[in-house]
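Trainee: how does the following fold in three dimensions:
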Amino acid sequence: MSNLQTGKMTNHRWTIVVMLFMATTVNYLDRQVLSLTWADFIAPEFHWTNTDYGLITGLFSLFYAVSMLFAGKLVDWLDTKKGFLWAIGVWSVGAVLHAFCGLLTAGITADVWTTSFHSALEAISTVGDVSLVVSVSVTLFVFARLVLAIGEAGNFPAAIKATAEYFPKKDRAYATSIFNSGAQIGALLAPLTIPFIAKAWGWEMAFIVIGALGFIWMGFWVFIYHKPEQNKKVNALELAYINQDDENDASEGRVKADANAGKKVSFKKAFKYKQTWSFAVGKFLTDGVWWFLLFWVPAYLSSVYGLDSTESAPHVFLVYAISMISVFAAGFFPAYFMKKKKLDPYQGRMRAMLLFAFFPLLILFAQPLGSVSVWLPVIIIGIAAAAHQSWSANIFTTVSDMFPKHAVGTITGIGGMAGGIGGYFINQGSGLLFDFTKNTNMKIFGFQGIDSGYFIIFVFCAFAYLLGWTIMKALVPKYQLITDM
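Mentor: Purely as a prediction, here's the structure:
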């Protein structure tokens, strides 16, 4: 007997959330393969320095940022099902492409064209011009990161669009928090899987195996996702639940909504508002910290503490395990300030963000306490990661607090672009700084060599949030709803 006949509502919308969660998990797994394999496996083969790795990761941040400006519009044009298939298909191809950079480098530099990864490694080792190997390999990896970034930029716009199609407004925040947690789950799973695959079967297979997960996901998505009204797994009761906002909206509200439907906001107009600059500055100063933690923590554990990728796996895992605190903190503190302190949504979020901005100050003690135990800086970095994720969730929400719905996507894209540019500077700058401090054996505040380089970057990470919050508060001191866009 069917659910409709028994009067029981189906729950296919939660199956959709599981699919979105899995896609986001794969998204972050693919993103981290390079950071967990380059120091032990890739750098020795291609003679990379920290500067080379910083360039690759920095450009990825930049590619991702630019792609974010257009990904949402592309998903809207293709629609949810096709848009998501294209997004994950492109980024999975990009992920797998990394594995073949060695084969192509061997062909270009040593004129040895082979299908064997081992043969390619041997051919590259015979090339006398090391600078040629570096140049060719870095260029190929940059191209692979470009493809990966273009595809990955479509994940969140497509996931948010699917959530809007399958959930009423009152459930969307909860559904979004579930699929968004896939980012941290992916970050948790990466150090427990990727280094061991690379050690057992080669770094190339790490990219291939993890990249293949996206193609498997696509096979399920084709059959599982259809519009709610066209999905045989959704009965009339669930469809009515999904569409309850349409029935409950007042006539006046629907007229206003319809009047703004499809309305576009130009970038030129968006930049006329201080609120846009406030959001962009906050993202520019703080997004780079997260990118740095994501891409450089394994290298930090290797360079400063001599841990290889498998030895550092539990340490990297702990960083992202601690960051899961943000799942609770990001929502609890702004709600507390709004309900208990009777602050408006913007003031409540800004108060919570100020609180989160103080926790990264602990990272100033990461290097000094590292002489006691490597676990102490790991715990501190984990707390900073949790603070960032809590900050990030709230800075995004300040956009919907102050801008009309039809402008949220545009403003979010501008902020994503600013954050990506910040990520480029910190990743590229870190690579250059680490090589400089290592080669000159630089000394600062008792730290020497590459240790001093990490201390300098940690100082920036510690104060970035307080600086960002101060500028945001100066630009928009109180709640100002924009109504003339």
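Trainee: could you report the neighbour count for residue 266?
Mentor: 10 (other CB atoms under 10 Å). Bear in mind the C-beta positions are built from the backbone N, C-alpha and C, glycine included.
Trainee: give me the phi and psi angles of it.
Mentor: phi -70, psi 150 (degrees, to the nearest 10).
Trainee: cool, residue 308 as well?
Mentor: phi -80, psi 180.
Trainee: with adjacent residues omitted, what lies nearest to it?
Mentor: Excluding the flanking residues, the one nearest residue 308 by CB to CB, 6 or more residues apart in numbering is residue 40, at 5.2 Å.
Trainee: then that neighbour would be within a helix, right?
Mentor: Yes: judged by DSSP: H, G, I helix; E, B strand; the rest coil, residue 40 forms part of a helix.
Trainee: enumerate every residue touching it.
Mentor: Contacts for residue 40 (CB atoms under 8 Å, 6 or more residues apart in numbering) come out as 195, 198, 302, 308, 309.
Trainee: give the contact list for the residue nearest to the third one when sequence neighbours are not counted.
Mentor: In this case it means residue 302. Closest residue to residue 302 apart from its sequence neighbours, by CB to CB, 6+ apart: residue 39 at 4.8 Å. Applying CB under 8 Å, 6+ apart to residue 39 gives the contacts 298, 299, 302, 303, 309.
Trainee: looking at those, state which has the most neighbours.
Mentor: Counting neighbours by other CB under 10 Å, residue 298 comes out on top of the contacts of residue 39 with 29 neighbours.
Trainee: name the element that residue belongs to?
Mentor: Using DSSP states H and E, residue 298 sits in helix 274-305.
Trainee: okay, buried residues for that helix please.
Mentor: 274-304 (16 or more other CB atoms under 10 Å).
Trainee: quick check: angle from the helix or strand just after that helix to helix 274-305?
Mentor: Counting by DSSP H and E, the next helix or strand C-terminal to helix 274-305 is helix 313-323. Helix 313-323 runs at 150 degrees relative to helix 274-305, counting by axes from the mean of the first three to the mean of the last three CA atoms, to 10 degrees.
Trainee: what's in contact with helix 313-323?
Mentor: 36, 184, 187-188, 190-192, 195-196, 293, 297-298, 301, 307, 374-375, 378-379, 381-383, 385-386, 388-389.
Trainee: put the alpha carbons of that helix into PDB.
Mentor: C-alpha atoms of helix 313-323 as PDB (Å, rounded to 0.1, in the frame of the first residue of the first chain):
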ATOM      1  CA  ALA A 313      47.100  12.300   9.700                       C
ATOM      2  CA  PRO A 314      45.800  12.100  13.300                       C
ATOM      3  CA  HIS A 315      47.000  15.700  13.900                       C
ATOM      4  CA  VAL A 316      45.200  17.100  10.800                       C
ATOM      5  CA  PHE A 317      42.100  15.000  11.700                       C
ATOM      6  CA  LEU A 318      42.100  16.600  15.200                       C
ATOM      7  CA  VAL A 319      42.200  20.100  13.700                       C
ATOM      8  CA  TYR A 320      39.000  19.600  11.700                       C
ATOM      9  CA  ALA A 321      37.400  17.500  14.500                       C
ATOM     10  CA  ILE A 322      37.700  20.500  16.800                       C
ATOM     11  CA  SER A 323      36.400  22.800  14.000                       C
END
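Trainee: now it: average pLDDT?
Mentor: Averaging pLDDT along helix 313-323 yields 91.
Trainee: tell me the buried residues in it?
Mentor: 313, 315, 316, 317, 318, 319, 320, 321, 322, 323.
Trainee: of the residues you listed, closest to residue 140?
Mentor: residue 316 (26.1 Å; CB to CB).
Trainee: how much space between the closest one and residue 294?
Mentor: 10 Å (CB to CB, to the nearest Å).
Trainee: what helix or strand is the spatially closest residue to residue 96 that is not a sequence neighbour on?
Mentor: Of all residues beyond its chain neighbours, the one nearest residue 96 is residue 211 (3.9 Å), with distances taken as CB to CB, 6+ apart. In the assignment (DSSP H and E), residue 211 maps to helix 203-224.
Trainee: just checking, what packs against that helix?
Mentor: Secondary-structure packing of helix 203-224 (3 or more CB pairs under 8 Å, 6 or more residues apart in numbering; DSSP states H and E): helix 12-37, helix 80-97, helix 182-201.
Trainee: can you redo those helices as TSV with distance to residue 155 and mean neighbour count?
Mentor: TSV is the format used below for the helices and strands packed on helix 203-224 (distance: least, CB to CB, whole Å; neighbours: other CB atoms under 10 Å):
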stretch	distance to residue 155	mean neighbour count
helix 12-37	5	23
helix 80-97	6	22
helix 182-201	9	20
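Trainee: angles on the backbone of residue 444, please.
Mentor: Dihedral angles (degrees, to the nearest 10) for residue 444: phi -160, psi 130.
Trainee: correct me, but it touches residue 456?
Mentor: Yes: between residue 444 and residue 456 a contact is recorded at 7.0 Å, counting by CB atoms under 8 Å.
Trainee: compare those two (neighbour count), which wins?
Mentor: Neighbour count, other CB under 10 Å: between residue 444 and residue 456, residue 456 has more, with 19 against 13.
Trainee: where's the closest residue to that one other than its chain neighbours, which helix or strand?
Mentor: Nearest residue to residue 456 in three dimensions, chain neighbours excluded: residue 433, at 6.4 Å (CB to CB, 6+ apart). Here residue 433, judged by DSSP H and E, is contained in helix 405-440.
Trainee: what helices and strands are in contact with that helix?
Mentor: Identification of packing neighbours for helix 405-440 by 3+ CB pairs under 8 Å, 6+ apart yields helix 50-78, helix 267-270, helix 274-305, helix 375-402, helix 450-475.
Trainee: worst mean pLDDT among the ones you listed?
Mentor: The bottom spot among the helices and strands packed on helix 405-440, by mean pLDDT, belongs to helix 267-270, with a mean of 84.
Trainee: may I see the buried residues of it?
Mentor: Result for helix 267-270 [16+ other CB under 10 Å]: buried residues residue 270.
Trainee: give me the contacts around it.
Mentor: Against helix 267-270 from outside (CB under 8 Å, 6+ apart): 276, 407, 410, 411, 414, 485.
Trainee: can we see that at 6 Å?
Mentor: The contact list for helix 267-270 (CB atoms under 6 Å, 6 or more residues apart in numbering) reads 276, 410.
Trainee: hey, C-alpha coordinates of that helix in CSV?
Mentor: The C-alpha trace of helix 267-270 is given here as CSV (Å, rounded to 0.1, in the frame of the first residue of the first chain):
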residue,chain,number,x,y,z
PHE,A,267,28.0,45.1,-10.0
LYS,A,268,28.4,48.9,-10.5
LYS,A,269,25.2,49.5,-8.5
ALA,A,270,26.1,47.0,-5.8
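Trainee: per-residue confidence at the nearest residue to residue 20 once chain neighbours are set aside?
Mentor: In space, and not counting its chain neighbours, residue 20 is closest to residue 179: 3.7 Å by CB to CB, 6+ apart. Looking at residue 179, its pLDDT is 83.
Trainee: which ones are touching residue 179?
Mentor: Contacts for residue 179 (CB under 6 Å, 6+ apart) come out as 17, 20, 21, 24, 159.
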